[in-house]
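Visitor: What follows is a predicted protein model with its sequence.
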Amino acid sequence: MSAKLAVVSGGGTGIGAAITRTLAQDGYEVIIAGRRAEPLAKVAAEIDGVTTVVADLADAAQVTRVAEAVADRPVDVLVNNAGGFVTPNGDSLADEAEMWRRAYDVNVLTAVLLTSALEASLRRPGGRVILLSSIAAQRGGAGPYSAAKAALHGWVFDLAARLGPDGITANVISPGYIAETEFFGTRMTPEGHAHRVAQTLVGRAGVPDDIAAAVGWLAGASGGYVTGQIIGVNGGSVLGR
């Protein structure tokens, strides 16, 4: 039998790299996709069974590269992890419009296009679609990033309803503050870190492996009866609704 196949977008750094490592350890061959060749190649060199596809997943023409890499194999797990915070690039109304469009492209369109491109390849029954959102979608505070991530919450309900009859689950994992990633770049300060840790109930920042463990659970047999859910992994910073 061929190995199980997973596809992870944004698999070259941080949370995506941790997810890739966890799925590989669980016996999956993993295709990782993203815009930057160097971090993808680094992960592939470190983890057996990983292949890379360099593509801007907000570009429909480039998303087809992932489908071509999958070829005729069934996809057991699709993790839409690509995304990021878009910083302002000016003060004009046109600049604001561009920032909001870019936030939507990076955080929503990447997931929509990749899922659409691979939907016919998802294993039936048994496929898993996992979207990575953010605590910002639940409590705000990050402008267009909050709004874009919140869009995934509504969309996953549609996905779960449409794919459920084929035995495919669809869920969102919503991380809280995760240290050891590129997300904050130079924006994070010691004070900002301490403030975010203080908001948790467990007294620590999350790490990428916390999110990877949740993905591993949803991807496995024990996650097969979970679908259409927003799963917060945030140390209690936002309580379940």
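Guide: Received it, and whenever you're ready, just let me know what you need.

Visitor: hey, let's count contacts and neighbours off CA atoms from now on
Guide: OK.

Visitor: low-confidence ranges in this protein?
Guide: 1-2, 241 (pLDDT under 70).

Visitor: Tell me where it has helices.
Guide: According to DSSP state H, the chain carries its helices in the segments 14-25, 37-46, 60-70, 93-104, 110-118, 136-139, 144-163, 190-198, 208-219.

Visitor: Okay, angle between the second one and helix 14-25 too, please.
Guide: Right, helix 37-46. 30 degrees (axes from the mean of the first three to the mean of the last three C-alpha atoms, to 10 degrees).

Visitor: again with the fourth one
Guide: If you take the same axes, to 10 degrees, helix 93-104 sits at 10 degrees to helix 14-25.

Visitor: Helix 93-104 packs against which elements?
Guide: helix 144-163 (3 or more C-alpha pairs under 8 Å, 6 or more residues apart in numbering; DSSP states H and E).

Visitor: tell me the most buried of the helices of the chain?
Guide: helix 14-25 (a mean of 23; mean count of other C-alpha atoms under 10 Å).

Visitor: Next up, the contacts around residue 41.
Guide: When contacts are counted by C-alpha atoms under 8 Å, 6 or more residues apart in numbering, residue 41 touches 12, 52.

Visitor: Could you find the closest non-adjacent residue to residue 63?
Guide: residue 57 (5.2 Å; C-alpha to C-alpha, 6 or more residues apart in numbering).

Visitor: what's the spacing between the residue most central in space within the chain and residue 164?
Guide: Centroid check for the chain by C-alpha atoms, centre = their mean gives residue 81 as the closest residue, at 1.7 Å. As for residue 81, its distance to residue 164 is 21 Å (criterion: C-alpha to C-alpha, to the nearest Å).

Visitor: now swap in residue 179 and tell me
Guide: Taken as C-alpha to C-alpha, the span from residue 179 to residue 164 is 34 Å.

Visitor: picking that back up, surely the residue nearest to the centre of the chain is in contact with residue 10?
Guide: Yes. If you go by C-alpha atoms under 8 Å, residue 81 and residue 10 touch, sitting 5.5 Å apart.

Visitor: Need the residues touching each of the two.
Guide: Counting by C-alpha under 8 Å, 6+ apart, the residues touching both residue 81 and residue 10 are residue 16.

Visitor: Contact partners for residue 170?
Guide: 128, 129, 130, 131, 156, 157, 159, 160, 163, 227, 228, 229.

Visitor: Recalculate using a threshold of 7 Å.
Guide: Residue 170 sits next to 128, 129, 130, 156, 159, 160, 227, 228 when contact means C-alpha atoms under 7 Å, 6 or more residues apart in numbering.

Visitor: Then residue 7?
Guide: Applying C-alpha under 7 Å, 6+ apart, the residues near residue 7 are 30, 31, 32, 77, 78, 79.

Visitor: ok, back up a step: so can I have CSV of the contacts of residue 170 showing distance to residue 47?
Guide: Formatted as CSV, these follow (distance: C-alpha to C-alpha, whole Å):
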residue, distance to residue 47
128, 22
129, 22
130, 21
156, 30
159, 31
160, 31
227, 29
228, 31
